[in-house]
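J.: coords below, sequence missing:
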């Protein structure tokens, strides 16, 4: 590895990185007490490897099976740090199939630092569309206060880190293809192969075939880990679930299936109990005013222990905390989550729900095995529930935790949408893509791409087939 005037042998770098990775793992435990740091892996999930170790992993995969598909390579380099954003592309050229089909044959990408970032990224976006078709839309999308306005919205801005793998692309099974297999013809005006499902205009507008299914009618605040200081977002979730007809299905199942974007063919082993424990942990973060550590940025590696400052905060206003507990109990009941008579809940969590607030105690008097009052029970519940919440917390972290819940206007359905989505945005199915997308209609009749969507209980391919049979497919122009 070369860094300025310094050169570090690769084997030495891998050795040092392995040591760092080991230290990161050990920080999740309190060795002195042989006890896990509260909420560590719930917040982080399975942390990404140290970059050098990730590169070594891909290097060995390359030796085993040859060059990586373009999408795999870009997902690897996209979350790497660098001073020049063009290196997100150029650093992948030696181990990936980065190429475009032109009228003069196949053209491989080459390092060219005279090209602007916008030009390079647009060329990459075109190459992705040529190789994978409309499903490459899943690589694009913006986050709040991020993104280059000079880039078309359908072009991936590789400077924006991916919080989770795109749902619309199966990176384990995907292979680089060519537009030619889709009966493409060369557009001499653009030098791009076009198909009946995909057309890129000279001014870089993306024309697709699809159908507008519905519009977003209600959204909650961003954050799949955010229940709110006063449990206001949890209240919004419950209100959203109760506003649709779910029949005999418990509200908690609809909610947690939506949060983790559950599919019928999913192999998840999550249960209602896992979801309940995770929800209790989120409520605890609100009671102890630690909710910022479980918000959308996920910059913290772990949730800190409940200390004397947190206990003192509780002691200042125990009545308020007691009212939040009562609010949580009512919301749990609305979701049909059993708590008070459930044998799967540890004793300390029973106390969390059943204990009536007594006189607050001073931090100096707080000790494990001491008082049975509200403060002690909350602290004990916090430590008890953290490891129990880990399975569901890990599943949430495998998604983009900045997403938000929404309700559709015409359909009796809820789902999740990107952080940037808002009321009035449109739910769209694209011919050639496997999931729905969120678009925003512009004044000129074209659309801005917002991101991937998930709708509970929806079968996208079934709905797309119906639209095709009914002749509702239309041209959708994304700019």
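T.: On my side now, so go ahead. Computed from a predicted model, the values in this text were never measured in an experiment. Numbers count the residues shown, from 1 in each chain.

J.: is it true that residue 240 touches residue 407?
T.: Yes. Using C-beta atoms under 8 Å, residue 240 is in contact with residue 407, at 5.5 Å. Any C-beta I mention is one placed from the backbone N, CA and C, and that applies to glycine too.

J.: overlap in contacts of the two?
T.: 218, 414 (C-beta atoms under 8 Å, 6 or more residues apart in numbering).

J.: got the contact list for residue 472?
T.: Residues near residue 472 by C-beta under 8 Å, 6+ apart: residue 211.

J.: is it true that it lies in a helix?
T.: No. Using DSSP: H, G, I helix; E, B strand; the rest coil, the assignment for residue 472 is coil, not a helix.

J.: backbone phi and psi for it, please?
T.: Main-chain dihedrals, residue 472, degrees, to the nearest 10: phi -100, psi 0.

J.: what about the strands in the stretch 151-300 of the chain?
T.: Applying DSSP state E, counting those that start in this stretch to the stretch 151-300 of the chain gives strands spanning 185-187, 192-194, 198-200, 206-219.

J.: could I get these as a markdown table with distance to residue 320 and mean pLDDT?
T.: Formatted as a markdown table, the strands of the stretch 151-300 of the chain follow (distance: least, C-beta to C-beta, whole Å; pLDDT from 0 to 100):
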| stretch | distance to residue 320 | mean pLDDT |
| --- | --- | --- |
| strand 185-187 | 65 | 54 |
| strand 192-194 | 61 | 55 |
| strand 198-200 | 56 | 88 |
| strand 206-219 | 28 | 95 |
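
J.: what is the burial count for residue 57?
T.: A count of neighbours around residue 57, defined by other C-beta atoms under 10 Å, yields 12.

J.: for residue 247, same thing?
T.: The burial count for residue 247: 6, using other C-beta under 10 Å.

J.: how much space between it and residue 338?
T.: Note on residue 247: its distance to residue 338, by C-beta to C-beta, to the nearest Å, is 19 Å.

J.: repeat that for residue 285.
T.: In this view, residue 285 and residue 338 are 22 Å apart by C-beta to C-beta.

J.: the more surrounded of the two?
T.: With neighbours defined as other C-beta under 10 Å, residue 285 and residue 338 compare such that residue 285 has more, 22 against 16.

J.: next one, pLDDT for the more buried one please.
T.: On pLDDT, residue 285 comes in at 77.

J.: distance check, it against residue 323.
T.: Counting by C-beta to C-beta, the gap from residue 285 to residue 323 is 17 Å.

J.: give me the spatial nearest neighbour of residue 56, chain neighbours excluded.
T.: With C-beta to C-beta, 6 or more residues apart in numbering as the criterion, residue 56 has its nearest non-adjacent residue at 5.6 Å, and that residue is residue 14.

J.: pLDDT score for the one you found?
T.: Here, the pLDDT recorded for residue 14 equals 83.

J.: residues touching it, list them.
T.: 52, 53, 56.

J.: touching, residue 402 and residue 143? I think so.
T.: Yes. The criterion here is C-beta under 8 Å, and residue 402 meets it with residue 143 at 6.6 Å.

J.: what is in contact with these two at once?
T.: Taking C-beta under 8 Å, 6+ apart as the criterion, residue 402 and residue 143 both touch 163, 418, 419.

J.: I figured the first one hits residue 400, correct?
T.: Okay, so that is residue 163. Yes. If you go by C-beta under 8 Å, residue 163 and residue 400 touch, sitting 4.1 Å apart.

J.: these two: which is more packed in?
T.: Shown here are residue 163 and residue 400; by other C-beta under 10 Å, residue 400 has more neighbours (24 against 18).

J.: give me the local confidence score for that one.
T.: Per the predicted model, pLDDT is 87 at residue 400.

J.: list the residues that contact it.
T.: Contact analysis of residue 400 by C-beta under 8 Å, 6+ apart lists 163, 164, 418, 419.

J.: care to break this protein down by domain?
T.: 2-204, 211-218+402-478, 225-239+247-397 (automatic domain parsing).

J.: before we move on, the earlier item: which pair in the contacts of residue 400 spans the largest distance?
T.: 164 and 419 (12.4 Å; C-beta to C-beta).

J.: which one's more surrounded, those two?
T.: Between residue 164 and residue 419, residue 419 has the larger neighbour count (other C-beta under 10 Å), namely 24 against 16.

J.: from residue 425, how far off is the nearest residue to residue 407 once chain neighbours are set aside?
T.: Of all residues not flanking residue 407 in the chain, residue 218 sits nearest, at 4.1 Å (C-beta to C-beta, 6+ apart). As for residue 218, its distance to residue 425 is 12 Å (criterion: C-beta to C-beta).

J.: look at these two and report which has more neighbours.
T.: Neighbour tally, residue 218 and residue 425, criterion other C-beta under 10 Å: the higher count belongs to residue 425, 23 against 15.

J.: do I have it right that the more buried one meets residue 216?
T.: Yes. Residue 425 is in contact with residue 216 according to C-beta under 8 Å; the separation is 4.7 Å.

J.: overlap in contacts of the two?
T.: With C-beta under 8 Å, 6+ apart as the test, residue 425 and residue 216 both reach 417, 438.

J.: quick check: the residue nearest to residue 56 is in a strand.
T.: No. Read with three-state DSSP, residue 14 is helix and lies in no strand.

J.: and it, how far from residue 93?
T.: Using C-beta to C-beta, one gets 22 Å for the distance from residue 14 to residue 93.

J.: and if you look at residue 135?
T.: Counting by C-beta to C-beta, the gap from residue 135 to residue 93 is 23 Å.

J.: these two - which one has more neighbours?
T.: With neighbours defined as other C-beta under 10 Å, residue 135 and residue 93 compare such that residue 135 has more, 20 against 17.

J.: would you agree that one is in contact with residue 431?
T.: No. Applying C-beta under 8 Å as the test, residue 135 and residue 431 come out as separate, 10.8 Å apart.

J.: which element is residue 440 on?
T.: For residue 440, the host element (DSSP states H and E) is strand 437-441.

J.: tell me where the model's unsure across the stretch 201-350 of the chain.
T.: 265-267, 288-316, 318, 339-350 (pLDDT under 70).

J.: how about the helices in it?
T.: In the stretch 201-350 of the chain, the helices defined using DSSP state H, counting those that start in this stretch lie at 232-242, 251-259, 272-287, 308-316, 318-334, 347-354.

J.: save the ones you listed as a markdown table, and put in distance to residue 226 too.
T.: Converted to a markdown table, the helices of the stretch 201-350 of the chain look like this (distance: least, C-beta to C-beta, whole Å):
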| stretch | distance to residue 226 |
| --- | --- |
| helix 232-242 | 5 |
| helix 251-259 | 11 |
| helix 272-287 | 8 |
| helix 308-316 | 19 |
| helix 318-334 | 14 |
| helix 347-354 | 20 |
